[in-house]
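Visitor: Sequence and predicted structure below; questions after.
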Amino acid sequence: MQKITYPSVLFSLILVFFSFTLYSQENSTFTLEQCIETAWENNLQLKQQRLSVDLAAQDLLQSKASVYPSLNASASHSYSFGRTVDPFTNEFATESVQSNNFGISTGMTLFSGFQIQNSIKQNRLELEAGKYDLDRSYNDIALRVASAYLQILFSQELLENAVNQVDITRQQEDRTRKLVDAGTLARGSLLTIQAQLATEELQLVNAENQLDLALLNLKQLLFLPEDAGFSIVTPELEITPNSESPYSSMQVYRVAEKTQPEVKSAELRIHSAERGLAIAKGGRSPILSMRGSYGSGYSEASLEIFDETPSGINQVFITDEGTQVLRPVYQYETRIKPFGDQLEDNLSRSLGVFLSIPIFNNFQTRTAVSRSHINVENAKLQNQIVREQLFQTIQQAHADASAALKQYTATEKNVVALEESFRYTEQRFNVGMVNSLEYNDAKNRLAAAESELLQSKYDYIFRIKILEFYMGEPLSF
């Protein structure tokens, strides 16, 4: 029995991992929903906007905290050299003095024209508006992914048509060569067919390139690595005669203006600007605040007497009767007052209420109020612009969908007629009743009509999906 070693096990696991990775890359097939979810997860702009929402939440938290009093502690340790006044003894000291200070201070705004309360309301509105802006970005990315997804489907069908055209022309080339070799047709007919084949092979290459670019575009929207295997699920998309949207542009707009995040964000920004105006007006009000402190300190210049020794008697003065008034003289021994005693003796406490009345501040408050009025008007105009843009987008999508459906219906009839015409021309060409130029002309007209049919089909599908999206339906095929 062969002994299993750790390196061999590790090597086997690595092989399994890479095999699974390669298999996953080769079989990464995405539905539209998966593409949208992947784009949402990987999009860098969305990540930045999520951080912006987080910052707005922190701004709201900070404004709420402004209601509470502040509390700060302080401590210092210093050395003084030369002649200086000791802060605790108020005496001059000429030697090096070491001192310490300790303190706690607090402060609280009691009234400031309701600026704090209005700041809280404004930041809350900004947070909600930021969330709606984020939702709008989600929607924009979803629509871009859906458009790129449909472009791939269109390119796939276009490529399929190009392959079919090349196959038909190659078959016709073989048939024509046999007829030319048999002397039934002139060699010019074969050259014409070969020129047509070269043109269609070029169109095939262009269709392949268009599909590759469409796949690359969607991969970039999904932020997938370059070497990642990628393909999409191909749904069955058909247009029926009753495929036209049952809703008018105004009906879609009435629903969208109540649900679309850009409209809600614009409305919230009006209220936010109004709160900003209230904050600016609050600058005209007196500010009432309260502050307090509690502290103590220590100094080496603070001394105390711990021993005294009599050293003689001094005459103080002589009375009118000639009597001498004497007093004893002592020799004192001093030491630095203990740290704990100094902290207790040097305690300081303060508590005060302060009123600040604005009188003139270089028109700063007046200018702030004027600017806030302008911001309110600008926010109202922006709200109207957002609504108008939304209505125009819906109106344009509805008109484009209607036009694309009409074009599809007319082109479909044209394709059916051209198919019959081409089959008839091909039969006549095979028996020599039609030359190669007429044959190629019929074939090219059919190919152009089929391409136009595909274009109108996917244009209609995308426009109708936009209308359904604004009606609140999820993007799916």
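Guide: Ah, there it is. Residues are numbered from 1 along each chain as shown.
Visitor: going forward, measure contacts and count neighbours with C-alpha atoms only.
Guide: Noted.
Visitor: Residue 309 belongs to a helix, doesn't it?
Guide: No - using DSSP: H, G, I helix; E, B strand; the rest coil, the secondary structure at residue 309 is strand, not a helix.
Visitor: need the contact list for it.
Guide: Neighbouring residues of residue 309 by CA atoms under 8 Å, 6 or more residues apart in numbering: 330, 331, 332.
Visitor: Kindly recompute the last result at 6 Å.
Guide: By CA atoms under 6 Å, 6 or more residues apart in numbering, the contact list for residue 309 reads 330, 331.
Visitor: likewise the one 3 residues further on?
Guide: Residue 312 makes contacts with 328, 329, as judged by CA under 6 Å, 6+ apart.
Visitor: For whichever strand or helix holds residue 393, give the mean pLDDT please.
Guide: Remark: residue 393 resides in helix 364-430, with elements defined by DSSP states H and E. The average pLDDT within helix 364-430 is 92.
Visitor: Quick one: list the elements packing against it.
Guide: helix 261-282, helix 436-470 (3 or more CA pairs under 6 Å, 6 or more residues apart in numbering; DSSP states H and E).
Visitor: Need the residues that contact the shortest one.
Guide: Applying CA under 6 Å, 6+ apart, the contact partners of helix 261-282 are 113, 115, 118, 122, 125, 129, 132, 136, 368-369, 372, 375-376, 379-380, 383.
Visitor: Quick check: the farthest pair among the residues you listed?
Guide: Spanning the widest gap among these are 113 and 136, at 35.6 Å by CA to CA.
Visitor: Find the residue ranges of the chain scoring beneath the pLDDT cut-off.
Guide: Applying pLDDT under 70 to the chain flags the ranges 1-27, 82-95, 241-243.
Visitor: Now do the strands in it.
Guide: With DSSP state E applied, the chain shows strands at 29-30, 70-80, 84-85, 92-93, 97-111, 231-232, 287-299, 303-318, 324-336, 348-356, listed in chain order.
Visitor: Phi first, then psi, for residue 285.
Guide: Per-residue torsions, residue 285: phi -90, psi 150 (degrees, to the nearest 10).
Visitor: who's in contact with it?
Guide: Residues near residue 285 by CA under 6 Å, 6+ apart: residue 113.
Visitor: How about residue 166?
Guide: residue 200.
Visitor: how about the nearest residue to the residue nearest the centre of the chain, chain neighbours excluded?
Guide: Centrality entry for the chain: nearest residue to the mean C-alpha point is residue 49, 1.9 Å, by CA atoms, centre = their mean. Computed as CA to CA, 6 or more residues apart in numbering, the closest residue to residue 49 that is not its neighbour in sequence is residue 134, at 6.2 Å.
Visitor: can you check residue 33 too?
Guide: residue 476 (6.6 Å).
Visitor: Return the backbone torsion pair for that neighbour.
Guide: Backbone torsions for residue 476, taken as degrees, to the nearest 10, come to phi -160, psi 160.
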